[in-house]
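Asks: Let's see this in three dimensions:
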Amino acid sequence: MGERRLQRLDAVTFDVDDWVITLHCDGAVPEYCESCHGPDARAYRFDASKPYGSNPVELLSGWERAQLERLLSAT
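Replies: Modelled structure (predicted):
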């Protein structure tokens, strides 16, 4: 548990500790993570055929999700 540096790169892309995260959103509601790329070349790309629980957005706490929705609505 801790705070991380977050920089907004565009409407749905963020840099969090050198991880570039791109979200798919319905307005200000994040639906899923389209892709995520780390500084060490690790990567995640959304695949609708994967089972429930493979979408990182589903792992956010209620507070984290509310903060993200607040940031997204600020566009």
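Asks: partner strands of the helix or strand harbouring S35, parallel or antiparallel?
Replies: Secondary-structure assignment from DSSP states H and E places S35 in strand 29-37. On the basis of DSSP bridges, the sheet neighbours of strand 29-37 come out as strand 19-26 (antiparallel), strand 43-45 (antiparallel).
Asks: Just the buried positions in it, please.
Replies: Within strand 29-37, the residues that count as buried by 16 or more other Cβ atoms under 10 Å are 30, 33, 36. C-beta here means a position set from N, CA and C on the backbone, and glycine is covered the same way.
Asks: Among the strands paired with strand 29-37, pick out the one with the most neighbours on average.
Replies: strand 19-26 (a mean of 16; mean count of other Cβ atoms under 10 Å).
Asks: so can I have CSV of the strands paired with strand 29-37 showing mean pLDDT?
Replies: As requested, the strands paired with strand 29-37 are arranged in CSV below (pLDDT from 0 to 100):
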stretch, mean pLDDT
strand 19-26, 92
strand 43-45, 89
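Asks: mind giving me JSON lines with those and columns for distance to R65?
Replies: JSON lines is the format used below for these (distance: least, Cβ to Cβ, whole Å):
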{"stretch": "strand 19-26", "distance to R65": "11"}
{"stretch": "strand 43-45", "distance to R65": "18"}
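Asks: Which residue of this protein lies farthest from its centroid?
Replies: S49 (19.0 Å; Cα atoms, centre = their mean).
Asks: Tell me where the protein has helices.
Replies: For the chain, applying DSSP state H gives helices covering 62-73.
Asks: Least confident secondary structure element in it?
Replies: Within the chain, confidence by mean pLDDT, DSSP states H and E is lowest for strand 6-8 among all helices and strands, at a mean of 84.
Asks: Tell me the strands beside that strand, with direction?
Replies: Applying DSSP bridges, strand 6-8 is found paired with strand 13-16 (antiparallel).
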